[in-house]
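Engineer: how does the following fold in three dimensions:
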Amino acid sequence: MTERNDDDEAVDTSHLDDVEDGCGCAEIWEHMSDERDE
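Structural biologist: Just a heads-up that it's a prediction; the model follows:
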């Protein structure tokens, strides 16, 4: 997924596609750590 920030620059958020909406910081860090290990 690609989103736009306030400056209309494209921001790639595809690395968070598997993270559920509403999750907290710990879940995001866990997801990012798991992705790095693979």
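Engineer: separation between the residue positioned nearest the centre of the chain and Glu27?
Structural biologist: Geometric centre of the chain, nearest residue: Leu16, 2.7 Å, by CA atoms, centre = their mean. Separation of Leu16 from Glu27 (CB to CB, to the nearest Å) stands at 10 Å. Any C-beta I mention is one placed from the backbone N, CA and C, and that applies to glycine too.
Engineer: around Ser33, how many other residues sit close by?
Structural biologist: 9 (other CB atoms under 10 Å).
Engineer: mind checking how far the helix or strand hosting it is from the chain centre?
Structural biologist: If you go by DSSP states H and E, Ser33 is part of helix 25-37. Relative to the centre of its chain, helix 25-37 is centred 10 Å away, using CA atoms, centre = their mean, to the nearest Å.
Engineer: which parts of stretch 20-38 are buried?
Structural biologist: His31 (16 or more other CB atoms under 10 Å).
Engineer: export that stretch as CSV, just CAs?
Structural biologist: Output of stretch 20-38 as CSV, limited to C-alpha atoms (Å, rounded to 0.1, in the frame of the first residue of the first chain):
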residue,chain,number,x,y,z
GLU,A,20,-3.9,-5.5,11.9
ASP,A,21,-5.5,-2.1,12.1
GLY,A,22,-5.6,-0.8,15.7
CYS,A,23,-2.6,-2.8,16.9
GLY,A,24,-0.1,-1.2,19.2
CYS,A,25,3.7,-0.5,19.1
ALA,A,26,4.6,-3.9,20.6
GLU,A,27,2.7,-5.7,17.9
ILE,A,28,4.3,-3.6,15.1
TRP,A,29,7.8,-4.2,16.6
GLU,A,30,7.1,-7.9,16.8
HIS,A,31,5.9,-8.0,13.2
MET,A,32,9.0,-6.0,12.0
SER,A,33,11.3,-8.3,13.9
ASP,A,34,9.7,-11.5,12.5
GLU,A,35,10.0,-10.1,9.0
ARG,A,36,13.7,-9.3,9.5
ASP,A,37,14.4,-12.9,10.7
GLU,A,38,13.0,-14.4,7.5
